[in-house]
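**Student:** Predicted model and sequence follow; I will ask about them next.
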Amino acid sequence: MLVQDADRALELIGRSIRVAGYQNQDSFLQDGKKNSSDAEFLKIQKSVGFRGSDSLLVKHQLSRGVDLDCIGNVLTAERTKQNLAIQGFLVERQASVPKGQRVNGGSLICQSLDRQGRLQKTTLMSGINYLAIEELDARVFKIKLEMTDGAFIQREFERTFTTRNLL
């Protein structure tokens, strides 16, 4: 189960990294330059979550096809802010643990915009001990995810992803 959850989490984070900074053709100026800088499209915050986990916030424009957020909602113009869709990942302490019970890691949270353009948080999965995001160069990111069953198993998973749209 841990392996399946880790694969799912890493794939969702990877998809988000790959789409970071996407701008459709209509957004390019007449001289062929982008309207925005790459710095605003992908933001990593170090040691801000559960047990010092990192967080990731990705912005991109909508394509002409069907775009989905990190929980599978179809992205529309209403689900953007300043013409940008937002997807974020962070680890928070599990909210559903009864008082006095042992914590089974943290919860991986997906952030996206609702139909009113407000940031919403949705729990993707629990059993996350730690999320680390390392920028290897301007376009390559290493994601480490430590999963736990809360008792016996702790396992680290790691993947490297490259952005497609940032310089």
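**Tutor:** Now that the structure is in, tell me what you want to look at. Residues are numbered from 1 along each chain as shown.
**Student:** is it true that residue 157 touches residue 148?
**Tutor:** No: at 11.7 Å, residue 157 and residue 148 do not qualify as touching, with contact defined as C-beta atoms under 8 Å. For the C-beta atoms, the positions are set from N, CA and C on the backbone; glycine is no exception.
**Student:** check contacts around residue 119.
**Tutor:** 86, 88, 111-113 (C-beta atoms under 8 Å, 6 or more residues apart in numbering).
**Student:** Mind pulling the model confidence for it?
**Tutor:** You'll see residue 119 listed with a pLDDT of 93.
**Student:** who's more crowded, residue 157 and residue 148?
**Tutor:** residue 148 (19 against 16; other C-beta atoms under 10 Å).
**Student:** Flag the shaky bits of the chain, pLDDT-wise.
**Tutor:** 26-39, 95-103 (pLDDT under 70).
**Student:** What residues are bridge-paired with the closest residue to residue 50 other than its chain neighbours?
**Tutor:** In space, and not counting its chain neighbours, residue 50 is closest to residue 106: 3.4 Å by C-beta to C-beta, 6 or more residues apart in numbering. Note on residue 106: beta-bridge partners residue 93, residue 128, judged by DSSP bridges.
**Student:** tally of neighbours for residue 106?
**Tutor:** Neighbours of residue 106 using other C-beta under 10 Å come to 25.
**Student:** TSV for the contacts of residue 119, including secondary structure and distance to residue 132?
**Tutor:** Formatted as TSV, these follow (DSSP: H, G, I helix; E, B strand; the rest coil; distance: C-beta to C-beta, whole Å):
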residue	secondary structure	distance to residue 132
86	strand	21
88	strand	16
111	strand	18
112	strand	22
113	strand	26
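**Student:** Name the residues that touch stretch 2-15?
**Tutor:** So stretch 2-15 is contacted by 56, 70, 89, 108, 110, 124-125, 127-128, 143, 145, 147-149, 153, 155, 157, 159, 161 (C-beta under 8 Å, 6+ apart).
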